[in-house]
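J.: Quick one, structure for this:
(chains A and B)
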Amino acid sequence: MTQSVVRQTSVTEAHAAIVGSGSRRRWILLATGLVAALALPWLVYPPVAMDIAAMALFAIALDILIGYTGLLSFGHSAFWGSSAYMTGLIATHYGVPFPVAVVGGAVFAMVLALPIAYLSVRRSGIYFAMVTLAFGQMVYFVGYQWSGLTGGENGLQGVPRRFFGIELVETESFYFYYAALPILLLGMWAAWRIVHSPFGRVLVAIRDNTPRARALGYDVEKYKVIAFVLSAGLTGLAGGVFAISHGFVALTTLHWTTSGEVVLITLLGGIGTLWGGILGAFLVVMLADYLASSGFDGIDLVTGTVFVLVVLLFRRGIWGTVHHQWLTWLQRRTSPRRTQADADPAGPRP
Amino acid sequence: MALRTQALTKVFRGFRAVDSVDLTVHKGGVHALVGPNGAGKTTLFNLLTGFVAPTSGTITVFGEDITGKQPEQVARRGVARSFQITSLFENLTSREQVELALQGLTRQGFRFWRSQKLLGRHRARVDELLAQVGLTPLADKPVGLLAYGQKRALELALVLALDPQVMLLDEPTAGMGIEDVDRTIELVRRIAAGRTVVFVDHNMHVVGSLADRVTVLQQGKVLAEGAYDEVRNDERVITAYLGEADHA
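T.: Below you'll find the predicted structure:
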């Protein structure tokens, strides 16, 4: 009987079995990721590299909600876009170094997120997605109508890239990438810290079993609001960098399709993994860039098809599937030893 | 008086699931709720723990009115519940779940800037609780690997972690084989010391061994109340419930 139980849950067991070697694996992964991030503008056109890095943080920020809290936000363009505008406005009017403007944008996104979160977390599942979509649309229309501030359909033009006295002009995207990367990496580190904190443990508990979490005394709505605001803040960091990188802010940053794109990237990469967001952002941005430069018109058609295929073939997303296969393989490799260890009575029953 | 309801009523779209129930549970008592399926036991539990808001009536815990309070507020007032269907966090180990339960009444859960190592400060208490329910050797296994009876034991550990004054156990022996039932009776008896317990169970052996007082519900109403032997010999109860149970 013990054996049948082990077979059913082989993967969780494998996971438990390799926990000891987990930290070395994590360092290797981290080093690889860092090298990839540093090498990226050598390998792809630097502005595209910047887009990939910004979208990666965007997807990671959303993963805190989708993957770790079980909330599918379909309105995150509101935070991405509003931070992009705020960052652009601060950079244009106050002449501060761009990181300061980006932080200002992120703080603005968090302030905006607070009432939206408060009103949205009372719903769950598809209703939560719909409510956040509605708020996203409201923010979009404010951006569209308030053209005196945002430039309306023309967007916000001529956002400067000042970096502590140095003016980084258009051609210096390569250097800008390295100036902006630390902000994004810091955001990614913050996301990692959040999901691996006591708070992150509560989020996972809420995702897995909300009534039980409440019965243990957790004020679930408060936790969801905090998670939402933190996610919006990290989204804002990414959106601010995106705005500075492009030198202007388009109205599409607030459009619902932006919310859809980041949901797609997060699901494609694999939810509840953080790494999946990076992989998803790389694939989607590269694909869109390739299609755009080859003069192909139906980018959405192709990304949509890829998305449907991935969801059908890899239900855990790409990163999630690879991770799962890796654990299964490890389990198979360590299986004989472990079964023996499990053969002794598995401890007393109640 | 540990727990008291007065004229507690819950109506679901015209259906009176709990109908004017007056329930009094004395401090330190072990009180069983029994009754046929659909008698309103689980709804009553959900009312007592704030998962369902009553249509009318009041609930007091040690004299404090908790009517209409949210589940987390009820839990923070020292009333902890277990669930009828095993209700755990599938992706966590036993140790992680008990840590989570111990953290539930503190503000530590809001610390998103700290490492989960912070949860290690509960280690001694976690070990104690896991030992109490006999799960020490399985502390670091994902809960998916536990046998059914072990999962039920972990449920009790989570309830105990809140150090509640009142424990509400919804069918603690549901779906268990005889051996596990006896172990669970022993376990509940041990952890009940110094606390007030209200439990629901269909198994009359469990009710007879644990309860010092029994309330029989039928169609949302209190049919009879008293010591186990009194209730067992009550004509109405025999017709409504025990008679059927004997044939089953």
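
J.: switch to C-alpha atoms for all contacts and neighbour counts from now on
T.: Fine.

J.: Show me which residues of the stretch 151-300 of chain A sit near chain B.
T.: Within the stretch 151-300 of chain A, the positions adjacent to chain B are A:190, A:193-202, A:205, A:208-209, A:212, A:214-219, A:223 by C-alpha under 8 Å from any C-alpha of the partner chain.

J.: Can you say which of those residues are buried?
T.: Neighbour counting by 16 or more other C-alpha atoms under 10 Å in any protein chain shown classes A:190, A:193-202, A:205, A:208, A:212, A:214-219, A:223 among these as buried.

J.: Please flag which of these sit within helices.
T.: A:190, A:193-195, A:198-202, A:205, A:208, A:212, A:214-215, A:223 (DSSP state H).

J.: Looking at these, spot the one nearest B:Val74.
T.: Nearest to B:Val74 out of these is A:Ala215 (C-alpha to C-alpha; 8.1 Å).

J.: low-confidence ranges in the stretch 1-150 of chain A?
T.: Across the stretch 1-150 of chain A, the ranges flagged by pLDDT under 70 are A:1-22.

J.: That one: strands as residue ranges?
T.: In the stretch 1-150 of chain A, no segments count as strands under DSSP state E, counting those that start in this stretch.

J.: lowest confidence element among the helices and strands of chain B?
T.: Least confident helix or strand of chain B, by mean pLDDT, DSSP states H and E, is helix B:243-247 with a mean of 50.

J.: which residue of chain B sits farthest from its center?
T.: Computed with C-alpha atoms, centre = their mean, the residue of chain B farthest from its C-alpha average is B:Trp113, at 34.2 Å.

J.: quick one: contacts for that residue?
T.: B:Trp113 sits next to A:190, A:193-194, A:197 when contact means C-alpha atoms under 8 Å, 6 or more residues apart in numbering or on different chains.

J.: what's the answer for B:Ser82, then?
T.: Contacts of B:Ser82 (C-alpha under 8 Å, 6+ apart): B:155-156, B:159, B:168-170, B:172.

J.: Among these, which one sits closest to B:Ala75?
T.: The nearest member of the contacts of B:Ser82 to B:Ala75, counting by C-alpha to C-alpha, is B:Val159 at 9.7 Å.

J.: Is the nearest residue to the closest one once chain neighbours are set aside in a helix, a strand, or coil?
T.: Of all residues not flanking B:Val159 in the chain, B:Ala80 sits nearest, at 5.7 Å (C-alpha to C-alpha, 6 or more residues apart in numbering or on different chains). The three-state label given to B:Ala80 by DSSP: H, G, I helix; E, B strand; the rest coil is strand.

J.: how close does B:Thr67 get to chain A?
T.: Remark: distance between B:Thr67 and chain A (C-alpha to the nearest C-alpha, to the nearest Å) = 16 Å.

J.: Might you report the residue contacts of that residue?
T.: B:Thr67 touches B:50, B:53-54, B:58-60, counting by C-alpha under 8 Å, 6+ apart.

J.: What about those, which one has the most neighbours?
T.: The most crowded member of those, judged by other C-alpha atoms under 10 Å in any protein chain shown, is B:Ile59 (25 neighbours).

J.: Check the stretch 201-350 of chain A for the residue nearest chain B and tell me.
T.: A:Gly217 (4.0 Å; C-alpha to the nearest C-alpha).

J.: Now B:Thr196: phi and psi?
T.: Backbone geometry at B:Thr196, expressed as degrees, to the nearest 10, gives phi -100, psi 130.

J.: scratch that, B:Leu168
T.: Backbone torsions of B:Leu168, given as degrees, to the nearest 10, read phi -110, psi 120.

J.: just for chain B, where's the confidence low?
T.: Within chain B, the stretches with pLDDT under 70 are B:241-248.

J.: nearest residue to the one residue sitting closest to the centre of it other than its sequence neighbours?
T.: For chain B, B:Leu169 is the residue whose C-alpha lies nearest the centre (C-alpha atoms, centre = their mean; 1.7 Å). Excluding the flanking residues, the one nearest B:Leu169 by C-alpha to C-alpha, 6+ apart is B:Phe199, at 4.5 Å.

J.: Settle this for me: the residue of the stretch 201-350 of chain A closest to chain B is touching B:Gln70, isn't it.
T.: No. Taking contacts as C-alpha atoms under 8 Å, A:Gly217 lies outside contact range of B:Gln70: 9.5 Å.

J.: could you pull out the helices for chain B?
T.: B:41-48, B:71-76, B:94-103, B:123-132, B:148-161, B:178-192, B:204-210, B:228-232, B:235-237, B:243-247.

J.: Quick check: the residue in chain B that chain A sits nearest to vs B:Thr86, distance?
T.: Residue nearest to chain A within chain B (C-alpha to the nearest C-alpha): B:Glu72, separated by 4.0 Å. Going from B:Glu72 to B:Thr86 by C-alpha to C-alpha, to the nearest Å gives 19 Å.

J.: When these two are compared, which one has more neighbours?
T.: Shown here are B:Glu72 and B:Thr86; by other C-alpha under 10 Å, B:Glu72 has more neighbours (25 against 18).

J.: what's the burial count for B:Glu235?
T.: B:Glu235 has 12 neighbours, counted by other C-alpha under 10 Å.

J.: measure it to A:Arg122 for me?
T.: Distance from B:Glu235 to A:Arg122, by C-alpha to C-alpha: 48 Å.

J.: and residue 197, what is it in contact with?
T.: Just going to use chain A. Residues near A:Ser197 by C-alpha under 8 Å, 6+ apart: B:111-116.

J.: look at chain B instead
T.: B:28-31, B:166-169.

J.: one more time with 6 Å
T.: Neighbour list for B:Val197: B:30, B:166-168 [criterion: C-alpha atoms under 6 Å, 6 or more residues apart in numbering or on different chains].
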